[in-house]
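**Student:** Show me how the following folds:
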Amino acid sequence: MKIVSVDFGDSHTGIAECDRLEMIATPVCIIDERRFEVCADKVAEKIKELGAEMAVVGDPVNMNGTYGPRSEKCREFAELLRARLDIPVQMWDERSSTVTAHNIMNELDRRGKKRKAVIDAAAAAVILESYLAYRRNHNV
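**Tutor:** Next up is the predicted model:
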């Protein structure tokens, strides 16, 4: 199944996709948009363009498992996507995805502007990798 993941941010929203065999998550792009509804429009359009059969939105759950204001905003964003798409939109715990993406960038020696240009898409790929691993391990 073709799945697209979204790492929603107030300014930059990362998009990643997997192959139809659900083996590899690849960063696709960053959508630079500060307006909430316009960002949802642009993300929904990109998801359609990529031919996704499912979308996964990162949910920044607090480390203690509670849902804070940031999580609530991401859940609202997922609702906007559901209204714009005819495919399932799943929330996925993204705790530490950005930290993991930064660690990957460090290993690749991507710094400064190079890092800024790809970090949100890399975080979306980390979210998708985690979701794909869950699907494989739970036969979902």
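**Student:** Tell me where this protein has strands.
**Tutor:** 3-7, 12-18, 25-32, 54-59, 89-93 (DSSP state E).
**Student:** Mind putting those strands into TSV with mean pLDDT and mean neighbour count?
**Tutor:** C-betas here are computed from N, CA, C, even on glycine. Rendered in TSV, the data for those read as follows (pLDDT from 0 to 100; neighbours: other Cβ atoms under 10 Å):
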stretch	mean pLDDT	mean neighbour count
strand 3-7	97	30
strand 12-18	96	24
strand 25-32	96	19
strand 54-59	97	24
strand 89-93	95	17
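**Student:** Take these and write them to a markdown table, including distance to Cys74.
**Tutor:** Compiled in a markdown table, the strands of the chain are given as follows (distance: least, Cβ to Cβ, whole Å):
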| stretch | distance to Cys74 |
| --- | --- |
| strand 3-7 | 9 |
| strand 12-18 | 10 |
| strand 25-32 | 15 |
| strand 54-59 | 5 |
| strand 89-93 | 7 |
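**Student:** Quick one: closest of these to Gly65.
**Tutor:** Each of the strands of the chain was checked against Gly65 via Cβ to Cβ, and the shortest separation belongs to strand 89-93, namely 9.0 Å.
**Student:** just how off-centre is that closest one within its chain?
**Tutor:** On the basis of Cα atoms, centre = their mean, to the nearest Å, strand 89-93 is displaced by 9 Å from the centre of the chain it belongs to.
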